[in-house]
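Engineer: Got a predicted model here, sequence first, then my questions.
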Amino acid sequence: MTRETPDGRSGPDTTPTDAAAPGDAATPAAEPHGSTVARRFRPRALADGLRVSAAWTARALIVLAGLVVLWYVIGALWSIVLPTLFALLLASVLWPVNRFLRRGLPKVLAALLTLLGFIAVVVGIGAATLPAIASGVTELSGLARDNVADLADFVAGPPLNLEAASIDDVVDTALTQLQANVGNVVSGITAGLSELTSLTVVVLLALVFTFFCLKDGDRFMPWASRWTNSAAFGHASTIASGTWKTLSSYIFAQATVALVDAVFIGLGLVLLDIPLAIPLAVLVFFSAFIPVVGAIVSGLLATLVAFLAYGWVSALLVLGLVVLVQQLESNFIQPLLVGRTLEIHPAVVLAAVTAGGTLFGLVGAFLAVPTTAVAIVVLRYLRDLSTEYRPERGAGASDGAPQAAGTTTEAGPLAHSPEQTGA
């Protein structure tokens, strides 16, 4: 008989042999010469693995069924869900102003002034941008006509040496296709008008919901406490506070990044005397709220305008300006603000924006990252609940378990206090 020593080598077995206990597996036959591993067959290992796998598969299917039901419910109530989401995001931006006005004004008046101030800012931006768009389009049309003619002469000369007739054929083909699709263009404009009507309704509902969030947002959680027990309310309150903090921080950080992009790119467009410089800067600001994709689209559009106005040299200058500003933003400002707020890998952000844009279009691309951030807050809280913290003794050890993910002491519409809940 041989036995395995702690260092992994075989040696003579000098341990007295004990009687096998009832139920033990039969003693395996002697290992071949040179074998150093004692093997034991576990007949229940496969069965245990299949049982655990089946249990988790059944749970996953139940969760998936619940998500499918939730998907259909959200789709049926989308006309209410979408304004509510916009209202929460807008209220998270306006809440600091509303909280400041509450120090000297009633809640109703503070919420009304905050909302009216936001509307005034948006209307002012529109009033300053629309005349610039009208004059810029006129200027761009004249510049583009001359630039396209110069481009046609360049294409007709060496080294391309394309005939003018070929260029005319391309233009005629484009015009023919445009005339053949006039009906589709008209139907697209009609559909756009109907979408504009729906958008108007969504905007009005979002403004109304925003007013109520600013006015009574801090009473939502105390009201919810009346309909839940203490344990459920504790979980809901922690998740709601973490969600509110995440949304507020994300919108503020993204707005800062968008403002930096718009100011520097707009200033460069003005210095290069590019038509539609101010409208393009406004477009850069709003498109920056769609991470990755928005910056690329707005940058390419600015480059195209520069190309139509002054040719490929100006287009390359604008493209270099856009790339430089976006690299500075993505390598310094974005990690400093948005990265610390969300702690989401850029690949996850890109996947979320792509999935949201595929499922819900532009609105989905805009809401993809905030939705992902909220989901991460919930998952982190569940992870902390399922993790047992054992504080270490000694210097530097904390007095208790770390704060659960998503908790915050910052006051907001979804925060609560013992006085409000009656605790």
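Structural biologist: Yes, it's here.

Engineer: Tell me where the model's unsure across the stretch 101-250 of the chain.
Structural biologist: 145-197, 224-225 (pLDDT under 70).

Engineer: If we use 50, what do you get?
Structural biologist: Across the stretch 101-250 of the chain, the ranges flagged by pLDDT under 50 are 182, 185-186, 189-190, 192-193.

Engineer: Can you show me the helices along it?
Structural biologist: Secondary structure of the stretch 101-250 of the chain (DSSP state H, counting those that start in this stretch): helices located at 107-156, 164-180, 182-216, 220-225, 230-271.

Engineer: next one: the stretch 251-400 of the chain
Structural biologist: Under the criterion DSSP H, counting those that start in this stretch, the stretch 251-400 of the chain contains helices at 277-287, 293-310, 312-328, 334, 340-342, 346-386.

Engineer: wait, which of the ones you listed is closest to Leu214?
Structural biologist: Smallest distance to Leu214 across these (C-beta to C-beta): 18.6 Å, for helix 346-386. The C-beta positions use only the backbone N, C-alpha and C, and glycine is treated the same way.

Engineer: what packs against that closest one?
Structural biologist: helix 78-101, helix 230-271, helix 293-310, helix 340-342 (3 or more C-beta pairs under 8 Å, 6 or more residues apart in numbering; DSSP states H and E).

Engineer: Least confident of the helices of the stretch 251-400 of the chain, on average?
Structural biologist: Of all the helices of the stretch 251-400 of the chain, the minimum mean pLDDT falls on helix 340-342 (a mean of 63).

Engineer: thinking again about what came up before, in TSV, list the helices of the stretch 251-400 of the chain along with mean neighbour count.
Structural biologist: As requested, the helices of the stretch 251-400 of the chain are exported to TSV (neighbours: other C-beta atoms under 10 Å):
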stretch	mean neighbour count
helix 277-287	21
helix 293-310	20
helix 312-328	17
helix 334	19
helix 340-342	17
helix 346-386	17
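
Engineer: of all those, which lies closest to Val202?
Structural biologist: Closest among the helices of the stretch 251-400 of the chain, using C-beta to C-beta: helix 346-386, at 9.0 Å.

Engineer: how far away is Phe286 from Ile62?
Structural biologist: In this view, Phe286 and Ile62 are 41 Å apart by C-beta to C-beta, to the nearest Å.

Engineer: Surely Ser237 is in contact with Met221?
Structural biologist: Yes: between Ser237 and Met221 there is a contact under C-beta atoms under 8 Å: 5.7 Å.

Engineer: related to what we said a few turns ago, got TSV for the helices of the stretch 251-400 of the chain, with distance to Ser198 too?
Structural biologist: Conversion of the helices of the stretch 251-400 of the chain to TSV gives the following (distance: least, C-beta to C-beta, whole Å):
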stretch	distance to Ser198
helix 277-287	19
helix 293-310	22
helix 312-328	33
helix 334	33
helix 340-342	30
helix 346-386	11
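
Engineer: For Leu321, see how far away Gly299 is.
Structural biologist: Using C-beta to C-beta, Gly299 is found at 9 Å from Leu321.

Engineer: do Gly217 as well
Structural biologist: 41 Å.

Engineer: about what we covered before: wait, which of the helices and strands packed on helix 346-386 is closest to Val353?
Structural biologist: Taking C-beta to C-beta, helix 293-310 is the member of the helices and strands packed on helix 346-386 nearest to Val353, at 5.5 Å.

Engineer: Output the contacting helices and strands for the closest one.
Structural biologist: Using 3+ C-beta pairs under 8 Å, 6+ apart, helix 293-310 sits against helix 107-156, helix 230-271, helix 277-287, helix 312-328, helix 346-386.

Engineer: I'd like those helices written out as JSON lines, with distance to Leu204 added.
Structural biologist: As requested, the helices and strands packed on helix 293-310 are arranged in JSON lines below (distance: least, C-beta to C-beta, whole Å):
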{"stretch": "helix 107-156", "distance to Leu204": "11"}
{"stretch": "helix 230-271", "distance to Leu204": "21"}
{"stretch": "helix 277-287", "distance to Leu204": "19"}
{"stretch": "helix 312-328", "distance to Leu204": "34"}
{"stretch": "helix 346-386", "distance to Leu204": "16"}
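
Engineer: of those helices, which approaches Leu88 most closely?
Structural biologist: helix 230-271 (6.7 Å).

Engineer: What is the neighbour count of Ile251?
Structural biologist: 20 (other C-beta atoms under 10 Å).

Engineer: nope, Tyr72 is what I was after
Structural biologist: Neighbour tally, Tyr72, other C-beta under 10 Å: 9.

Engineer: Model confidence for it, exactly?
Structural biologist: At Tyr72, the pLDDT value in this model is 91.

Engineer: That one - that's part of a strand, no?
Structural biologist: No: with DSSP: H, G, I helix; E, B strand; the rest coil as the criterion, Tyr72 is assigned helix and is not in a strand.

Engineer: ok, it - contacts?
Structural biologist: Not one residue lies near Tyr72 by C-beta atoms under 8 Å, 6 or more residues apart in numbering.

Engineer: just so I know, which of the helices and strands packed on helix 346-386 lies nearest Arg383?
Structural biologist: Arg383 sits nearest to helix 230-271 of all the helices and strands packed on helix 346-386, at 12.6 Å, using C-beta to C-beta.

Engineer: what's the angle between the closest one and helix 277-287?
Structural biologist: 160 degrees (axes from the mean of the first three to the mean of the last three C-alpha atoms, to 10 degrees).

Engineer: Which other helices and strands does helix 230-271 contact?
Structural biologist: Counting by 3+ C-beta pairs under 8 Å, 6+ apart, the elements that helix 230-271 packs against turn out to be helix 78-101, helix 220-225, helix 277-287, helix 293-310, helix 312-328, helix 340-342, helix 346-386.
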